[in-house]
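Colleague: 3D model of this:
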Amino acid sequence: MVVKVGVLLFALFGLLHANVLQDAIDKAPTGAILKLPKGIYKGSIVINKPITIIGKEEGVVIDGEGNGTVITAKGSFITLKNLKVVGSGSRHEKLDAAIKISDGKQCEISHCTIEDCLFGIDMQMVSNSIVANNKITSKDLELGLRGDGLRLWYSNDNIIKENSLIRSRDMVVWYSHGNEIIKNYGRENRYSLHFMYAGKNLIKDNTYELNSVGIFFMYSQDSTAIGNVIKSSLGATGMGIGLKDVSNFTLKNNTVLYNAQGLYIDRSPFEPDTHNWIEGNKILYNSEALHFHSLSENNVIKENTIMGNIEDVVNDSRGSKTNENEIVGNYWDKYEGFDRDGDNIGDTSHKVYQYADQLWVYNPDVKFFYASPVISLLNFLAKLAPFTKPLFLMEDEQPKVKIKG
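Modeller: Just a heads-up that it's a prediction; the model follows:
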């Protein structure tokens, strides 16, 4: 059956009260397109039917006036496009948001600007939908008091593409599977991307900078992160990519630079007889390139470029078994061997040990003296004439001598 979609053109300009817009939504037939002219539409609105709301020109503002959630939508086939949404409430326990959408599929939120809203876009049990080209900023609060810029909760098979999250708290993907998160940008957030109990997601070509943590995966599986750039994570524990209790992950062709910790690996892979594949990444100019915590074995770490880092491998727990990962074919700028046959594979293996200069790993108080003359001298003496047996961390049996490409 072919349904002719009604088109409602608002001829009102300037300041419009919420009841005008809400009344139009309530009276619009299913599948209607509401095209809003430039103006400020005051108050919160509720959508519970398939409908499209489009700002037909720049300057269409929906202002929640500091009360609750600005737009609450429930159901399928809802589209919000080219709107500026401002002024949500400030209640964390109520998840006061710019846009809260739930219990639907084939929805779209695109080309919207969100400002002065505690949470940005909150998606709950939404599938097969698109969130694209939105600009999201939280309220001007301390980092931990801001809301999440974008939240996916039990939301599967969505496309999250080319959104910008700046000075928000987190983007979270919890209990959500099969999502494509592509070409997004995050800056000055806490976790630019945080996964929990999420599987089969694709994270591709995103750029995250000046956050506390770039991407953190927890209790998840079967996902791929490829072609992302994570740089300049802030603070003494600023992290590029973190893996905690995750299995069957692929990290490939990512660039991780200028962080305190490049890759953080904690009890991963988690499931027995599984692996994580860390391949072809550039791990550059971090304080620590690879940081292992707890038991972490059966990772395949190959063909990465590990260069310019203060420490290449850190093991902060004596039982993490870093040497039981498959580490092969990486480029290490600290490799001191030769390549006499010119095959770009070192004639001897590259072995990494933990010497006296890493006393701070087990005693954080010592880190105050890190890179000081006394610690540097201890390290030199330990390598020249070890007074204690250094701890063997890992071996790359086929280190690359030159950077590929």
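
Colleague: Buried residues in stretch 397-405, which are they?
Modeller: By neighbour count on 16 or more other Cβ atoms under 10 Å, the buried set for stretch 397-405 is 398-401. Where C-beta positions appear, they are placed from N, C-alpha and C, glycine not excepted.

Colleague: In strands, which of the residues you listed appear?
Modeller: Nothing among these maps onto strands, per DSSP state E.

Colleague: tell me which of those is nearest to Ile121?
Modeller: Comparing the buried residues of stretch 397-405 against Ile121 with Cβ to Cβ places Lys400 closest, at 43.1 Å.

Colleague: how about the nearest residue to that closest one, chain neighbours excluded?
Modeller: Once flanking residues are discounted, Lys400 sits nearest to Tyr331: 4.2 Å by Cβ to Cβ, 6 or more residues apart in numbering.

Colleague: Who is that neighbour paired with across the strands?
Modeller: As for beta bridges, Tyr331 partners with Thr305, Lys400 under DSSP bridges.

Colleague: just for the stretch 51-200 of the chain, where's the confidence low?
Modeller: Low-confidence segments of the stretch 51-200 of the chain (pLDDT under 70): none present.

Colleague: Show the residue spans covered by the helices in it.
Modeller: Secondary structure of the stretch 51-200 of the chain (DSSP state H, counting those that start in this stretch): no helices present.

Colleague: still on that earlier bit, list the contacts of the residue nearest to Lys400.
Modeller: 304-307, 399-404 (Cβ atoms under 8 Å, 6 or more residues apart in numbering).

Colleague: Find the centremost residue of this protein, please.
Modeller: Leu193 (2.1 Å; Cα atoms, centre = their mean).

Colleague: hmm, back to that, now the buried residues of stretch 397-405 as JSON lines including pLDDT and distance to Thr113?
Modeller: Converted to JSON lines, the buried residues of stretch 397-405 look like this (pLDDT from 0 to 100; distance: Cβ to Cβ, whole Å):
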{"residue": "Gln398", "pLDDT": "95", "distance to Thr113": "51"}
{"residue": "Pro399", "pLDDT": "95", "distance to Thr113": "49"}
{"residue": "Lys400", "pLDDT": "95", "distance to Thr113": "46"}
{"residue": "Val401", "pLDDT": "93", "distance to Thr113": "50"}
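
Colleague: And those residues, which is closest to Ile33?
Modeller: Nearest to Ile33 out of the buried residues of stretch 397-405 is Lys400 (Cβ to Cβ; 57.1 Å).

Colleague: List the residues that contact the closest one.
Modeller: Per Cβ under 8 Å, 6+ apart, neighbours of Lys400: 303, 329-331, 344-346.

Colleague: Let's see the ChimeraX selection covering just the buried ones among the residues you listed.
Modeller: Buried subset of these, written as a ChimeraX selection, criterion 16+ other Cβ under 10 Å:
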select :303,329,330,331,346
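
Colleague: wait, which of the contacts of Lys400 is closest to Ile62?
Modeller: The nearest member of the contacts of Lys400 to Ile62, counting by Cβ to Cβ, is Glu303 at 49.5 Å.

Colleague: surely that closest one meets Lys282?
Modeller: No: applying Cβ atoms under 8 Å, one finds Glu303 not in contact with Lys282, separated by 10.8 Å.

Colleague: and after whatever helix or strand Asp23 lives in, which helix or strand comes next?
Modeller: Using DSSP states H and E, Asp23 sits in helix 18-27. Following helix 18-27 in sequence order, the next helix or strand is strand 33-36 (DSSP H and E).

Colleague: Could you give the number of residues near Lys200?
Modeller: By other Cβ atoms under 10 Å, the residues close to Lys200 number 16.

Colleague: Hmm, I typed the wrong one, I wanted Ala236.
Modeller: 9.

Colleague: distance of it from Asn82?
Modeller: 42 Å (Cβ to Cβ, to the nearest Å).

Colleague: cool, and Gly75?
Modeller: Note on Gly75: its distance to Asn82, by Cβ to Cβ, is 21 Å.

Colleague: which stretch of helix or strand covers the closest residue in space to Ala225 that isn't next to it in sequence?
Modeller: Of all residues not flanking Ala225 in the chain, Ile203 sits nearest, at 4.2 Å (Cβ to Cβ, 6+ apart). Ile203 is part of strand 202-204 when elements are defined by DSSP H and E.

Colleague: And Ala225, by the same measure?
Modeller: With DSSP H and E as criterion, Ala225 is part of strand 224-226.

Colleague: for that strand, which positions count as buried?
Modeller: Neighbour-count burial for strand 224-226 flags 225-226 (criterion: 16+ other Cβ under 10 Å).

Colleague: List the contacts of the helix or strand just after it.
Modeller: Using DSSP H and E, the helix or strand that follows strand 224-226 in sequence is strand 229-231. Applying Cβ under 8 Å, 6+ apart, the contact partners of strand 229-231 are 192, 206-209, 214-215, 240-241, 254-259.

Colleague: Partner strands of strand 229-231 and their direction?
Modeller: In its sheet, and by DSSP bridges, strand 229-231 pairs with strand 207-209 (parallel), strand 255-257 (parallel).
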